[in-house]
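Undergrad: My questions concern the predicted model and sequence given below.
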Amino acid sequence: MLLRVRVTLPDRPGTLGQVARTLGVCGADIVQVVVLERLGGRAVDDFTVVWPGAGRVERLLAGLAAIPGVQVDGVWQAIGAPTTTGQDAELLAQVAANPTDGLATLVDAVPGLLAADWAVAAVVPVDWASRAGGGQASVAHASWRAPVPPRLPEVTPLRARALTSVDGGHFAVAPFGRAGLVLLVARERTDTLTPAAFHSTEVDRLAQLVRASAVILGDRLDLVGAPSAVAGS
């Protein structure tokens, strides 16, 4: 299966090579490396690897933990092939080509772009400001892997940000800027895999996709209806 492995490591010559060698010795076939951050002598890197099976992840974690200064931030299953920012433009072109289904196209595609499990477009209630923590949103559209009903955190339609639930699930949320509509992407913890929280670069990428889609779809977003059932109820 395809795994995403996020590590924080010393930003010095040789350390990245040590991590790559360890992944190979443990049985991982590296297909992509993305540098998310380089700051203060430390780097945050995402490795996408082909891995034999979830049951042997402990071996991988032990090998990486043995490298001085290396910290494993998360290991989780990636859906589909490794992605690049070039695919963002392709997605927006698809949204523009068929705006009637544009919101559904965006929601269905975003989990693959951000190595997430599922996504929903949700509508935050108009009185969210009077509620502690925001509002319990209702679902307008859910991607094909989303649970029924999706387990949504309380969100506000103000700004893009990352959230973590009490059960260890990670979310990234970005507002469309109209009608209380937000896009929420989720990574869920499993018995064998623990995903990393959404990095600021991933939240920024989501926000850019949502802002561009909002420009393309315009007034159509004001007509997005949500079912009467409230998510999580």
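TA: Great, that's in hand.
Undergrad: how far away is residue 176 from residue 73?
TA: Distance of residue 176 to residue 73, given as C-beta to C-beta, to the nearest Å: 29 Å. All C-beta atoms are positioned from the backbone trio N, CA, C, and that covers glycine.
Undergrad: Tell me which of those two has more neighbours.
TA: In terms of neighbours (other C-beta atoms under 10 Å), residue 176 is the more surrounded of residue 176 and residue 73; the figures are 23 against 17.
Undergrad: Residues contacting the longest helix along the chain, please?
TA: Using DSSP state H, we find that the single longest helix of the chain is helix 200-217. With C-beta atoms under 8 Å, 6 or more residues apart in numbering as the test, helix 200-217 has contacts from 36-37, 85, 88, 91-92, 95-96, 99, 102-103, 106, 110, 113-114, 160-162, 172, 174-178, 183, 185, 198, 221.
Undergrad: if we go to 6 Å?
TA: 36, 88, 92, 95-96, 99, 102, 106, 114, 160, 162, 172, 174, 176-177, 183 (C-beta atoms under 6 Å, 6 or more residues apart in numbering).
Undergrad: Now the buried members of the residues you listed.
TA: Buried members of the contacts of helix 200-217, counted by 16 or more other C-beta atoms under 10 Å: 36, 88, 92, 95, 102, 106, 114, 160, 162, 172, 174, 176, 183.
Undergrad: Farthest-apart pair in these, please.
TA: 36 and 102 (28.5 Å; C-beta to C-beta).
Undergrad: Might you report the residue contacts of residue 64?
TA: 22, 70, 72.
Undergrad: Tell me which of the residues you listed fall in helices.
TA: Within the contacts of residue 64, residues falling in helices by DSSP H are residue 22.
Undergrad: out of the contacts of residue 64, who's nearest residue 3?
TA: residue 72 (11.7 Å).
Undergrad: gap between the closest one and residue 185?
TA: Distance of residue 72 to residue 185, given as C-beta to C-beta: 22 Å.
Undergrad: Settle it for me: which of these two has more neighbours?
TA: residue 185 (26 against 20).
Undergrad: all strands for this structure, in order.
TA: 2-10, 29-39, 42-50, 71-77, 118-123, 138-142, 161-164, 170-175, 181-187 (DSSP state E).
Undergrad: May I have the fifth one as PDB, with CA atoms only?
TA: Taking Å, rounded to 0.1, in the frame of the first residue of the first chain, the C-alpha atoms of strand 118-123 are listed here in PDB:
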ATOM      1  CA  TRP A 118     -12.300  12.200   3.200                       C
ATOM      2  CA  ALA A 119     -13.800  15.700   2.800                       C
ATOM      3  CA  VAL A 120     -17.100  17.500   3.100                       C
ATOM      4  CA  ALA A 121     -18.600  20.800   2.100                       C
ATOM      5  CA  ALA A 122     -20.500  21.900   5.200                       C
ATOM      6  CA  VAL A 123     -22.700  24.800   6.000                       C
END
